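Colleague: Have a look at this prediction, sequence included:
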Amino acid sequence: MKQFQCVLPLLLTLSLAACGGGDDAGNGGDTGSPAVPKVSVDALPAGSYTVAIGDADAPQVGQYYSGSDGSRLLLVNDGNEVARTLYKQNASGVWAAVPVPKADVNIQLLSRESRISPTVDAAQNAGRYTVALTAGEATFSLSAQGAITAIGEGCRISGQTGASPLPAAQALTLTFSGCDGLPASATGVLLADPDYAPAKLRLVVDDGNKLVDLWAYPA
């Protein structure tokens, strides 16, 4: 589905939250706390889907993962299948977006198609992987216990995977060292999907502001 040389495996975007609030006559004009834009997305039953959103004449395609606990994740991709925007809902039903939008967002799905939701097993995916970056590449190993260990010099990626309520996913925590433009640490999901071939794993994490989408190929 993807050709390695065409992959733009890293999308880093940063957007400032819209600021709100007004003068408070009782405290001499305190502007108060910034307003937080509201995010809402059509809810789908538990499972994984390919979805389309936006303009029907030029829709944006993404992947939607819905957990049995009420948590959900929507990845909206650019033309190179790299996540441009991430929408995530926690089990209590609150949606958030990365990058943070400047205004309220209401995502309505134009279409959806159910996809296979393979179980992600760290032991089955254990091995050595390489991800391409905007400058160079980084290599790491994934152990059968879900530990991610950096290999080599330059950008070093390490972390840990764990159980996730989302289908075809594991929870993921990553740290970055010597990686230009990447956050020091971020959390998200590790996805394994046959449709991502020849990439075997997709690591999607954020620090609340920056979104990082890494496609990992067996090294």
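Modeller: In hand now; what should we look at?

Colleague: And what about residue 195, helix, strand or coil?
Modeller: Going by DSSP: H, G, I helix; E, B strand; the rest coil, the secondary structure assigned to residue 195 is helix.

Colleague: I figured it was touching residue 118, is that so?
Modeller: No. Taking contact to mean CB atoms under 8 Å, the distance of 10.2 Å between residue 195 and residue 118 leaves them out of contact. All C-beta atoms are positioned from the backbone trio N, CA, C, and that covers glycine.

Colleague: Just the buried positions in the helix or strand bottoming out on mean pLDDT in the chain, please.
Modeller: The helix or strand of the chain with the poorest confidence is helix 122-125; it has a mean of 90 (mean pLDDT, DSSP states H and E). Across helix 122-125, burial judged by 16 or more other CB atoms under 10 Å covers 122, 125.

Colleague: Tell me the helix or strand right after that helix.
Modeller: strand 127-132 (DSSP states H and E).

Colleague: starting at the chain centroid, how far to that following strand?
Modeller: Here the centre of mass of C-alpha atoms in strand 127-132, compared against the chain's by CA atoms, centre = their mean, to the nearest Å, lies 18 Å away.

Colleague: quick check: mean pLDDT across that strand?
Modeller: In this model, strand 127-132 has a mean pLDDT of 96.

Colleague: who's residue 115 bridged to?
Modeller: Under DSSP bridges, the beta-bridge partners of residue 115 are residue 48.

Colleague: Residue 85 now?
Modeller: According to DSSP bridges, residue 76 are recorded as the beta-bridge partners of residue 85.

Colleague: Quick one: neighbours of it, just the number.
Modeller: Residue crowding around residue 85 was assessed by other CB atoms under 10 Å; the count is 22.

Colleague: what do you get for residue 58?
Modeller: Residues within reach of residue 58, counting by other CB under 10 Å, total 6.

Colleague: Check the spacing between it and residue 52 real quick.
Modeller: In this structure, residue 58 lies at 10 Å from residue 52, with CB to CB, to the nearest Å as the measure.

Colleague: And for residue 46, nearest residue in space, chain neighbours not counted?
Modeller: Leaving aside its chain neighbours, residue 46 sits nearest to residue 68 (4.6 Å; criterion: CB to CB, 6 or more residues apart in numbering).

Colleague: Surely the one you found is in contact with residue 165?
Modeller: Yes. Using CB under 8 Å, residue 68 and residue 165 qualify as a contacting pair, with a distance of 6.3 Å.

Colleague: So for these two, which sits in the more crowded spot?
Modeller: For the pair residue 68 and residue 165, the greater number of neighbours falls to residue 165 (16 against 12), based on other CB under 10 Å.
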